[in-house]
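*Asks:* here's a sequence, model it:
(one chain, ligands or ions: 1)
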Amino acid sequence: MSKVVIINHPLIQHKLSIIRSKETSSKEFRELVQEVGSLMTYEATRDLEVQPVEIETPLAKTIQHELKDNIVIVPVLRAGLGMADGISDMIPHARVGHLGLYRNESTLEACRYYAKLPKGIEKAVVILVDPMLATGNTVVSAVDIIKESGAKKIIYVGLVGVQEGIDNIVKHHPDVDIYLASKDERLNEVGYIVPGLGDCGDRLFGTK
Ligand code: URA
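*Replies:* Presented below is the predicted three-dimensional model:
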């Protein structure tokens with residue numbers, strides 16, 4: 001069964017409230033989304049396995065611990081890019097794949113237009129990044145594609161979600177753990193999260 005974690009750390013709450021404000025510029029929005037991505041990584045990677053490794057400090061040999069699995073970060077284009085930068089700041093050795101999925105605005109179904117996933121993904125732990133968990137259709141489709149590539153362990157990280165989206169992921173992919181910075185009230189009639197933060201892609205890239 002999916003683990004569902006709302007990471008309500010004070011710093012994340014503080015930054016998220018600025019991200020939500022309609023007065024926040026694209027530049028500040030991008031910086032803050034990246035910072036929240038970095039902060040959330042700390043909690044979202046808590047269950048990663050480590051293995052012993054022998055190293056030599058300037059003083060002695062010692063057994064320490066390193067990450068057991070390779071990590072692949074997969075942002076959903078284009079809104080996932082900002083958070084993914086923050087996650088990759090924390091795990092610089094992770095490879096990055098990209099999935100292009102757009103929402104059909106009338107059916108709210110996810111349509112795939114691009115997929116480039118790194119070699120070796122089948123043995124890696126995948127961190128799937130899509131900031132807005134609305135109906136959950138995009139994340140469910142993204143997990144379908146990632147699983148087709150052979151990956152077994154997938155962690156989903158988003159910024160703001162609603163219960164409907166969480167339920168959709170848990171129903172289709174109960175093996176995927178879910179990390180969000182906030183669970184919001186509801187979806188409006190056109191599938192936007194309320195109170196939310198508006199269109200994340202547009203706000204990141206200043207396209208509206
Ligand atoms: N995508 C967004 O960018 N915002 C929402 O509120 C829902 C989906």
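
*Asks:* do the lengthiest helix in the chain and the ligand meet?
*Replies:* Taking DSSP state H as the criterion, the chain has its longest helix at helix 26-44. No. Using Cβ under 6 Å from any ligand atom, helix 26-44 stays clear of the ligand, with a minimum separation of 11.4 Å. Placement of C-beta: from N, CA and C, glycine included.

*Asks:* same for the helix or strand just after that helix, what does it pack against?
*Replies:* Next along the chain after helix 26-44, taking DSSP states H and E as the criterion, comes strand 50-56. Judged by 3 or more Cβ pairs under 8 Å, 6 or more residues apart in numbering; DSSP states H and E, strand 50-56 is in contact with strand 61-67.

*Asks:* what's the strand it packs on packed up against?
*Replies:* strand 50-56.

*Asks:* partners of the strand it packs on, with directions?
*Replies:* Partners of strand 50-56 in the sheet, by DSSP bridges, are strand 61-67 (antiparallel).

*Asks:* so how far is the partner strand from its chain's centroid?
*Replies:* The chain centre lies 29 Å from the centre of strand 61-67; the measure is Cα atoms, centre = their mean, to the nearest Å.

*Asks:* what comes up buried for it?
*Replies:* L67 (16 or more other Cβ atoms under 10 Å).

*Asks:* now swap in stretch 11-29 and tell me
*Replies:* For stretch 11-29, a neighbour-count test (16+ other Cβ under 10 Å) marks 12, 15-16, 19-20, 24, 29 as buried.

*Asks:* show the subsequent helix or strand relative to the one helix or strand in the chain whose mean pLDDT sits lowest.
*Replies:* Every helix and strand of the chain was ranked by mean pLDDT, DSSP states H and E. The lowest is strand 98-103, at a mean of 92. Scanning forward in sequence from strand 98-103 by DSSP H and E, the next helix or strand is strand 110-116.

*Asks:* what's the angle from that next one to strand 98-103?
*Replies:* Relative orientation of strand 110-116 versus strand 98-103 (axes from the mean of the first three to the mean of the last three Cα atoms, to 10 degrees): 170 degrees.

*Asks:* as CSV, could you dump the C-alpha coordinates of the very next helix or strand once past strand 110-116?
*Replies:* Once strand 110-116 ends, the next helix or strand along the chain (criterion: DSSP H and E) is strand 125-129. The C-alpha trace of strand 125-129 is given here as CSV (Å, rounded to 0.1, in the frame of the first residue of the first chain):
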residue,chain,number,x,y,z
VAL,A,125,15.0,3.8,-7.9
VAL,A,126,13.0,6.3,-9.9
ILE,A,127,11.9,9.6,-8.4
LEU,A,128,8.9,10.8,-10.6
VAL,A,129,8.3,14.5,-10.3
